[in-house]
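In: Predicted structure and sequence below. I'll ask about it afterward.
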Amino acid sequence: MTKTDRKTIKSEKTVDARDIININAMPAKTWYWLGVNSSELSWNNSDEVFLGENIITAEAGRKYSDVIYEFTDVKTLYNHSLFTINAADGSEVTIIAKLDMINNMRALFNINVGKNAKVKLIELCKVNENTVCSDVNTFCEENGKFELIHMFAGKSNETDKLKMGEIYSNVKVDLVGDNSDFTYNMGYLAQGYDNFDYNIVVNHIGKKTNCDIKANGALKESAHKVFRGTIDFKTGSSYSVGAETETVLMLGEDVVNKTVPVILCSEENVSGTHGASIGELDEETLFYFESRGIDKEKAENIMARASIERLTGLIENEKVNEIIEKTLQEVLGED
Amino acid sequence: MEEKTYVDDIDRSIYDIKDVENDDFRMQEGLTEEIIKKLSEEKDDPEWMREFRLESLKIYNELKVPDWGPSIEGLDMDHIATYVRPKSNMENTWENVPQDIKETFERLGIPQAERKSLAGVGAQYDSELVYHNVKDEVAEQGVIYTDMESAMKGEYADMVKEYFMKLVTPRDHKFAALHGAVWSGGSFVYVPKNTDVSIPLQSYFRLNAKGAGQFEHTLIIVDEGANLHFIEGCSAPKYNVANLHAGCVELYVKKNAKLRYSTIENWSKNMYNLNTKRAVVEEGGAVEWVSGSFGSHVGYLYPMSVLKGDNSRMEFTGVTFAGNGQNLDTGAKVVHIGKNTSSYMNTRSISKSGGISTFRSSVVVQKSAKGAKSAVSCESLMLDSDSRSDTIPAMDIRTKDANIGHEAKIGSISDDAVFYLMSRGMSEEDARALIVSGFADNVSKELPLEYAVEMNNLIRLEMKGSIG
């Protein structure tokens, strides 16, 4: 599908969207013709309904069991929700947010991770024919640890272009305190004409800060995906370490994958790495499956499933893992 | 608290020697339609070229200055002379080149290199070629190596018209349009079918005039089954006003042909180097870029390869060294169109004493490029925290039948490695210089010996005085 086709589909799908919002802008631009410096979100600001603010406060030194928040569908087409999470010094909290809606949603998470505090946010996001924007802004103080797990699943198919789902995810983490830490695991599956658009920016500000970004996903049919990942070592962030890896399984004849893994560095004593591996199932893996009687199509489905399924190994909560399993069954059309 | 000692870079000796300006003609500064018409008149352009220049100027005025790279605010086209003709005709023996110009090239080692290891040499001084010669045995093979003006007006006029700025069009970006409007000088090379030019050709570009621009155009056509190594060198003395280099290189690599294009760029640190290089490679052909960027105040340089034919391939090997006052934005671009095409980029960047080095790349794999393979590896070394090193690679993959890999690293010199070398009697400065030279050996091992030595000398010069 050409760029023009996709634009036409978007405008047909979002006839009532009167505003174009520039989002997911990279901190460092590159050539405009690549179309990755930022993205345009078709939205309707004047009709947007604010669904309220959810404030979660973790008191100092206390540990909270999993807080699960399920977004319930509302009748309004454009919606906006705000989460504020304050984890005081030494506290621990895990929040699970589940978004599986029919209408469009902008979910904003503002998170403050206090000294020696731990925050784990698991955001499970399934798009139907709608658009979901997730915006996670986090500020980590000394020894604060922030773990983010993102599941993005699309269920559209090639029979109806207008039923494409769209995800725009923007993650910004400021590792301000010394020894603060960010771990990010993302798994996604985009199908049909789904459009997934990611922007991750990690600012290393304190000394000995650490970040580890892992994104694994699969693109089927005519799915379109942009991954921007920026690790920014600011002056003074000495002895910090940042790593970013992305694996993309290309399974459709018309998929489009764009990847921009950026490292910005103005500090000498740091170590930054990134790696990307993009392609279809390699022959060795395929041979492994075939030698066990599994054909290529099934093998591809298994691997596409695995992109998301691996997240369950990082989540202890059985109920959450059941949600992931159920989502996978639904989007892959499994009985 | 760690302490670091910084000493200023030493003088770049031979590169910084200025000749007294003794021009035959110097265009008034600025960029207007009248200036372009005057330039076209001075060059005695054919009509199509005059129109091409004027159209390019129009495009230049329409296009915006890029906002994604280093700032070029210090570059004011109203204060750049776009054409400076030295008092010399183009000669084919060094004896006939005016003494002062000849001495400059001798200091740079060009005539000596020609005698020892080159099949032909072109030497440009400011806006015009002052020397061009090709060895008899190479000329007898049918290889054409001449200056662009002669090619445009002589028996290769049709060929020049067919290929000139068709690969890099003036619409490409603002400085490609500028080049189209004011280009002068440069070389034209044609290597006939199945001809193997076993020793390299070299063009050397020297910009001596203060506040001037150099806009040479290099057009190389390597016909089917032929093989060529072309070397490009450039330098200029340092002035306290901006100089500009906006050259253009267009390479046509035909079926099963191979071209290696090597560059050691050592412009002075008042230079804005906004150069454009591009190759199109047909079936079974190969282009190899070897690039060392050491000079310039600001540099934008990303050689691009269009892998049009099936089974065509490219390799890019580059090193960039950004020192005090330098902001060098370098890298490479590749577009895979043909089936089973392959590309490999291997780069090293070094930043020191406040220098800014950015690696920027793009790998585009079009839907037609089934079986494409691409690997990018870039490593950056930060020698102090006054400097900056950024890595901005991009990939746009539109076929599932592709295998794309990318890896990048940013880090500093290992204290353990420095300690190891010092424990064996080396000074800290020498130890660090050795480590940096080793870090850049991806490029030096790809260069002819003389150039590898020059590159290592440049690294040593840059490293001199940095202890930390």
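Out: Received it, and whenever you're ready, just let me know what you need.

In: Quick check: residue A:75 vs chain B, distance?
Out: 39 Å (Cβ to the nearest Cβ, to the nearest Å). Yep, even glycine has a C-beta here, placed from its N, CA and C like the rest.

In: Surely that residue is within a helix?
Out: No: the assignment for residue A:75 (DSSP: H, G, I helix; E, B strand; the rest coil) gives coil, which keeps it out of a helix.

In: contacting residues around the residue in the stretch 1-150 of chain A positioned nearest to chain B?
Out: At 3.8 Å from chain B, residue A:29 is the closest residue in the stretch 1-150 of chain A, using Cβ to the nearest Cβ. Applying Cβ atoms under 8 Å, 6 or more residues apart in numbering or on different chains, we find residue A:29 in contact with A:37, B:67, B:68.

In: Look at residue 114 and report its pLDDT.
Out: Just going to use chain A. Note on residue A:114: pLDDT of 98.

In: um, chain B though
Out: For residue B:114, the pLDDT comes out at 77.

In: Shouldn't it be within a helix?
Out: Yes: counting by three-state DSSP, residue B:114 is located in a helix.

In: contacting residues for the nearest residue to it once chain neighbours are set aside?
Out: Excluding the flanking residues, the one nearest residue B:114 by Cβ to Cβ, 6 or more residues apart in numbering or on different chains is residue B:121, at 4.4 Å. By Cβ under 8 Å, 6+ apart, the residues touching residue B:121 are B:110, B:111, B:113, B:114, B:131, B:132, B:133, B:201, B:202, B:203, B:204.

In: Swap in 6 Å and give it another go.
Out: Residues in contact with residue B:121 (Cβ atoms under 6 Å, 6 or more residues apart in numbering or on different chains) are B:114, B:133, B:202.

In: do you know how far the last one is from chain A?
Out: Distance of residue B:202 to chain A, given as Cβ to the nearest Cβ: 31 Å.

In: What's the local residue count around that residue?
Out: Residue B:202 has 25 neighbours, counted by other Cβ atoms under 10 Å in any protein chain shown.

In: thinking again about what came up before, Three-state assignment for the residue nearest to residue B:114, please.
Out: strand.

In: mind checking pLDDT for residue A:14?
Out: 63.

In: and what of the one 5 residues further on?
Out: Note on residue A:19: pLDDT of 86.

In: ditto for the one 5 residues further on
Out: According to the per-residue confidence, residue A:24 scores 97 in pLDDT.

In: what's the answer for residue B:445, then?
Out: Residue B:445 carries a pLDDT value of 76.

In: try residue A:286
Out: 86.

In: secondary structure element for it?
Out: Assigning secondary structure by DSSP states H and E places residue A:286 in helix A:283-290.

In: Is the helix or strand following that helix positioned near chain B?
Out: Next in sequence after helix A:283-290, counting helices and strands by DSSP H and E, comes helix A:296-309. No: Helix A:296-309 stays clear of chain B (Cβ under 6 Å from any Cβ of the partner chain), getting no nearer than 9.8 Å.

In: I'd like to check the angle between the helix or strand just after helix A:296-309 and helix A:296-309, please.
Out: Where DSSP H and E defines the elements, the next helix or strand beyond helix A:296-309 is helix A:318-331. Relative orientation of helix A:318-331 versus helix A:296-309 (axes from the mean of the first three to the mean of the last three Cα atoms, to 10 degrees): 150 degrees.

In: got the buried residues for helix A:318-331?
Out: A:320, A:321, A:323, A:324, A:327, A:328, A:331 (16 or more other Cβ atoms under 10 Å in any protein chain shown).

In: Tell me the bridge partners for residue A:217.
Out: Beta-bridge partners recorded for residue A:217 (DSSP bridges): residue A:188, residue A:248.

In: quick one: the residue in the stretch 1-150 of chain B that chain A sits nearest to from residue A:25, how far?
Out: When scored by Cβ to the nearest Cβ, the stretch 1-150 of chain B has residue B:68 as its residue closest to chain A, at 3.8 Å. From residue B:68 across to residue A:25, the span is 12 Å (Cβ to Cβ, to the nearest Å).

In: Grab the nearest non-local neighbour of the residue of the stretch 1-150 of chain B closest to chain A.
Out: Nearest to residue B:68 is residue A:29, by Cβ to Cβ, 6+ apart, at 3.8 Å.

In: low pLDDT regions in the chain?
Out: No chain in the question, so chain A it is. A:1-7, A:9-17, A:335 (pLDDT under 70).

In: Sorry, I should have been clearer: chain B.
Out: Applying pLDDT under 70 to chain B picks out residues B:1-14, B:20-21, B:448-451, B:454, B:461-468.

In: near chain A, which residues of it?
Out: Counting by Cβ under 6 Å from any Cβ, chain B sits next to chain A at B:68, B:382, B:384-385, B:388-392, B:394-398, B:400, B:402-412.

In: Nearest the geometric middle of chain B, what residue?
Out: By Cα atoms, centre = their mean, chain B has its centre lying nearest to residue B:263, at 5.3 Å.

In: so who does that one touch?
Out: Counting by Cβ under 6 Å, 6+ apart, residue B:263 makes contact with B:232, B:291.

In: Regarding it, what is its secondary structure?
Out: Residue B:263 falls in the strand class when you classify it by three-state DSSP.

In: What's opposite it in the beta bridge?
Out: residue B:232, residue B:291.

In: how about the residues of chain A near chain B?
Out: So far as Cβ under 6 Å from any Cβ goes, chain A lies against chain B at A:28-30, A:34, A:36, A:250, A:256-260, A:262-269, A:271-280.

In: change it to 7 Å
Out: Contact residues (Cβ under 7 Å from any Cβ of the partner chain) of chain A with chain B: A:28-31, A:34, A:36, A:235, A:250-253, A:255-280.

In: Of these, keep whichever come out buried.
Out: A:28-31, A:34, A:36, A:250-252, A:255-270, A:272-280.
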